[in-house]
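Trainee: A predicted structure for the sequence below; I have some questions about it.
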Amino acid sequence: WEGHNGDVRVTAGWAERMAELGPLRFYEGSGSIYPALLYPLWGLGALLDGDALNVAIKGLSIPFDLGIGVLLFGSMRGRMGNDVALLAAALYLFNPSVILAGVVWGQVDSAGTLAFLGSLVALAARRHGIAGALAVIATLVKPQFGLAVLPVIVLAVLRARRFHTTRPIIDAATGMVIAGLVVIASVALSPFHYLQLLSDTAVRQPETSLNAFNPWGLFVGFGIPDDPYVLTGTLLLVLGLIGSLWGLRRRPDLAVVLGVGALLALSFYFLPTRVHERYLFPAIAVLAPFALAGRAQLAAYLALSGGFAVALLYALHETTPFDLPEPWAAWITSDAGVWMISGVLIGSAIAWAWLLGVRRPRLPRRPRPARGA
């Protein structure tokens with residue numbers, strides 16, 4: 001499929017610019033806010049051009065998707081056993097929303113998600129330096145993945161207070177600084193220039209929802225000027241982030257840390273106004289292991305995945321040359337279709353808020369051998 005030809009064309013331009021000018025001159029007249037993505041694009045731009053480069057960019061999400069699958073399996077096999085851990089990886093790798101957001105659309109949200117998930121896994125294992133480094137890399141892949149920085153900072157402070165040592169804070173800060181300097185210094189990007197680029201991007205589309213099926217898109221509409229709502233949305237986001245991080249007061253094992261990461265991603269998609277359609281992507285990866293913990297979790301995951309996939313089809317159909325066949329196109333874009341998609345997504349988000357925020361997050365356990373076996 002042609003996918004989002006505008007996104008592919010812009011990304012191909014970055015790849016060609018990296019190959020032509022090199023990393024040290026890339027930001028002389030360019031405005032990419034994804035500096036960590038420039039390195040794989042550099043390799044593609046040096047090797048390919050024209051249609052071959054466009055195809056490679058469409059497929060750039062594949063190695064990162066595979067990395068997420070390996071990380072899910074490797075981090076869960078000791079707790080769940082090989083079979084269940086493999087199912088958790090499969091729930092992500094064969095998820096229709098993952099395929100639509102990646103190789104069909106032509107975006108690389110899986111790159112930021114891999115660093116986001118890796119940071120949470122490292123944080124649960126008390127590897128604060130690695131967690132901090134991966135959190136910053138996730139931020140520099142795409143700013144929305146910077147949510148990973150929040151639990152790294154909070155848990156480092158909590159553990160420092162609990163164990164009466166500054167080691168977690170020092171390790172996390174060191175990892176963040178080293179990772180940030182390596183990424184931005186290699187492309188001669190100053191922190192001030194990067195912050196200016198972020199500021200310019202944040203005010204570029206002051207609208208309620210950019211095809212994100214959250215309450216703002218449902219009750220106000222897509223692409224509506226958000227001046228009357230942006231403050232309310234921002235306050236709701238702050239409350240949602242605080243509520244998500246509050247879970248770290250529990251014993252921060254792997255289930256708790258992943259649950260906090262999932263709730264942060266859900267808060268960022270459903271609560272503020274200026275949200276893009278793909279901002280839900282990291283939740284699909286982080287929630288995959290929880291889906292196997294029980295029937296309620298599996299139902300909530302399937303609803304979230306299915307609703308997100310249909311929402312992506314809506315965005316592709318409405319904003320790109322990607323055409324859905326009838327009668328699917330007419331149904332998805334109808335008022336009834338929008339309400340149903342939004343209802344499924346919002347309902348599944350509420351279910352996950354209950355399962356992860358009110359109740360203690362629970363991952364499946366390795367089956368115990370039968371007596372006498």
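Mentor: Perfect, I can see it now. Numbers count the residues shown, from 1 in each chain.
Trainee: Confirm that residue 106 sits in a strand.
Mentor: No. Using DSSP: H, G, I helix; E, B strand; the rest coil, the secondary structure at residue 106 is coil, not a strand.
Trainee: Please name the residues that touch it.
Mentor: Contacts for residue 106 (C-beta atoms under 8 Å, 6 or more residues apart in numbering) come out as 3, 4, 5, 7, 8, 11, 57, 58. Where you see a C-beta, it was placed from the backbone N, CA and C, and this is true even at glycine.
Trainee: can you tell me the helix or strand for the fifth one?
Mentor: If you go by DSSP states H and E, residue 8 is part of helix 5-21.
Trainee: Contacts for that helix next, please.
Mentor: Residues contacting helix 5-21 (C-beta under 8 Å, 6+ apart): 26, 28, 30, 32, 37-38, 41-42, 44-46, 49, 53-54, 57-58, 105-108, 320-321.
Trainee: hmm, back to that, can you turn the buried part of the contacts of residue 106 into a ChimeraX selection?
Mentor: Remark: buried members of these, expressed as a ChimeraX selection using 16 or more other C-beta atoms under 10 Å:
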select :3,4,7,8,11,57,58
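Trainee: Are any of the contacts of helix 5-21 buried, and if so which?
Mentor: With burial judged by 16+ other C-beta under 10 Å, the buried subset of the contacts of helix 5-21 is 26, 30, 32, 37-38, 41-42, 44-45, 53-54, 57-58, 105-108, 320.
Trainee: Could you list which of these belong to helices?
Mentor: Members of the buried ones among the contacts of helix 5-21 lying in helices (criterion: DSSP state H): 38, 41, 42, 44, 45, 53, 54, 57, 58.
Trainee: between those residues, which is nearest residue 188?
Mentor: For those, the residue nearest residue 188 by C-beta to C-beta is residue 38; the value is 11.3 Å.
Trainee: check contacts around that closest one.
Mentor: Contact analysis of residue 38 by C-beta under 8 Å, 6+ apart lists 14, 18, 23, 26, 32, 187.
Trainee: mean confidence for the helix holding residue 8?
Mentor: For helix 5-21, mean pLDDT is 94.
Trainee: do stretch 52-69 as well
Mentor: Mean pLDDT, stretch 52-69: 96.
Trainee: coming back round to it: output the helix holding residue 8 as PDB, restricted to C-alpha atoms.
Mentor: Provided in PDB are the C-alpha atoms of helix 5-21 (Å, rounded to 0.1, in the frame of the first residue of the first chain):
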ATOM      1  CA  ASN A   5       2.900   9.200   1.300                       C
ATOM      2  CA  GLY A   6       3.500  12.500   2.900                       C
ATOM      3  CA  ASP A   7       5.200  11.000   6.000                       C
ATOM      4  CA  VAL A   8       7.300   8.600   3.800                       C
ATOM      5  CA  ARG A   9       8.300  11.500   1.500                       C
ATOM      6  CA  VAL A  10       9.500  13.700   4.400                       C
ATOM      7  CA  THR A  11      11.400  10.800   6.000                       C
ATOM      8  CA  ALA A  12      13.000  10.000   2.700                       C
ATOM      9  CA  GLY A  13      14.100  13.600   2.500                       C
ATOM     10  CA  TRP A  14      15.800  13.300   5.900                       C
ATOM     11  CA  ALA A  15      17.600  10.100   4.800                       C
ATOM     12  CA  GLU A  16      18.800  11.700   1.600                       C
ATOM     13  CA  ARG A  17      20.000  14.800   3.500                       C
ATOM     14  CA  MET A  18      21.900  12.800   6.000                       C
ATOM     15  CA  ALA A  19      23.600  10.900   3.100                       C
ATOM     16  CA  GLU A  20      24.400  14.000   1.200                       C
ATOM     17  CA  LEU A  21      25.500  16.400   3.900                       C
END
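Trainee: how far does it sit from the chain's center?
Mentor: Between the centre of helix 5-21 and the centre of its chain there are 22 Å (C-alpha atoms, centre = their mean, to the nearest Å).
Trainee: buried residues in that helix?
Mentor: Neighbour-count burial for helix 5-21 flags 7, 8, 11, 12, 14, 15, 16, 17, 18, 19 (criterion: 16+ other C-beta under 10 Å).
Trainee: Report the two of those residues separated the most.
Mentor: Farthest pair in the buried residues of helix 5-21 (C-beta to C-beta) is 7 and 19. Separation: 19.0 Å.
Trainee: Residue 239: what's it in contact with?
Mentor: Contacts for residue 239 were tallied using C-beta under 8 Å, 6+ apart; they are residue 271.
Trainee: next one: the one 4 residues further on
Mentor: Residue 243 makes contact with 263, 267, 357, according to C-beta under 8 Å, 6+ apart.
Trainee: Touching, the first one and residue 350? I think so.
Mentor: Which is residue 263. No. In this structure residue 263 lies outside contact range of residue 350 using C-beta atoms under 8 Å: 11.7 Å.
Trainee: who's more crowded, those two?
Mentor: residue 263 (28 against 13; other C-beta atoms under 10 Å).
Trainee: per-residue pLDDT, the closest residue to that one other than its chain neighbours?
Mentor: Excluding the flanking residues, the one nearest residue 263 by C-beta to C-beta, 6 or more residues apart in numbering is residue 244, at 3.7 Å. With respect to pLDDT, residue 244 scores 96.
Trainee: what secondary structure does the nearest residue to residue 25 once chain neighbours are set aside sit in?
Mentor: Excluding its sequence neighbours, the residue lying closest to residue 25 (C-beta to C-beta, 6+ apart) is residue 188, at 7.5 Å. With three-state DSSP as the basis, residue 188 sits in coil.
Trainee: ok, now which ones touch residue 188?
Mentor: By C-beta under 8 Å, 6+ apart, the residues touching residue 188 are 23, 24, 25, 26, 27.
Trainee: That concludes my questions; thank you for your assistance.
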